[in-house]
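Student: here are the coordinates; sequence isn't available:
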């Protein structure tokens, strides 16, 4: 666990970038990565210290959020402050070496918070990796059927151009390394 929320977010972004450079098998499709980041900002319009309720307003309206005891710097929050939330999600896929089979999911979680006395901030990120076995690929309908290590079969419709390009090079029996990364960071700043 890191105590610096920005460091946690940067580390998660670094891990996602590292996944995009996964080697993969040179005889199959090139690795692919799809990422998306969104952010939202709201303004603090009221703070109730007794109940630890913060009232926020953005372009969509006003709502209240209760800050739990883990928000150690609650006294630093004041009317007029901005609260910014950033969310990043990415999926990376690469052909695994021949004969890899499947591998169960492994997950790494990193989290951090501002130090006592600093402006409130926190970040958490996770990365899950697994290897799945391709059962079938329908490039007309962009559907891939695969077998995870847990057994059974799963089917997904691939919607992005990057993913559709990747599945064109897949064949039944291929193993694919899949890495899913997500990170969220929340920061309070003075207006």
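Tutor: Received the coordinates, thanks. In this text the structure is predicted, and so the values were computed from the model without any measurement.
Student: Can you show me the helices along the chain?
Tutor: Remark: helices assigned in the chain by DSSP state H are 5-20, 161-168.
Student: Against the centre of this protein, work out the most remote residue.
Tutor: residue 50 (33.9 Å; C-alpha atoms, centre = their mean).
Student: backbone phi and psi for that one, please?
Tutor: With angles defined as degrees, to the nearest 10, residue 50 sits at phi -70, psi -40.
Student: Hmm, residue 107 and residue 181 touching each other?
Tutor: No - look at residue 181 against residue 107 with C-beta atoms under 8 Å: they stay out of range, at 10.4 Å. For every residue, glycine as well, the C-beta is placed using N, CA and C.
Student: still on that earlier bit, mean pLDDT for the helices of the chain: which is lowest?
Tutor: Among the helices of the chain, helix 5-20 has the lowest mean pLDDT, at a mean of 45.
Student: before we move on, the earlier item: which residue of residue 181 and residue 107 possesses the greater neighbour count?
Tutor: Shown here are residue 181 and residue 107; by other C-beta atoms under 10 Å, residue 181 has more neighbours (25 against 10).
Student: distance of the more buried one from residue 135?
Tutor: 25 Å (C-beta to C-beta, to the nearest Å).
Student: Just the pLDDT for the residue farthest from the centre of the chain.
Tutor: 94.
Student: What residues does the closest residue to residue 32 other than its chain neighbours make contact with?
Tutor: Counting by C-beta to C-beta, 6 or more residues apart in numbering, residue 166 is the residue found nearest to residue 32 once chain neighbours are left out, at 4.1 Å. Residue 166 sits next to 29, 30, 31, 32, 93, 158 when contact means C-beta atoms under 8 Å, 6 or more residues apart in numbering.
Student: Mutual contacts of residue 181 and residue 107, please.
Tutor: 126, 127, 128.
Student: partner residues bridging the residue nearest to residue 65 when sequence neighbours are not counted?
Tutor: Nearest residue to residue 65 in three dimensions, chain neighbours excluded: residue 54, at 5.2 Å (C-beta to C-beta, 6+ apart). As for beta bridges, residue 54 partners with residue 47, residue 65 under DSSP bridges.
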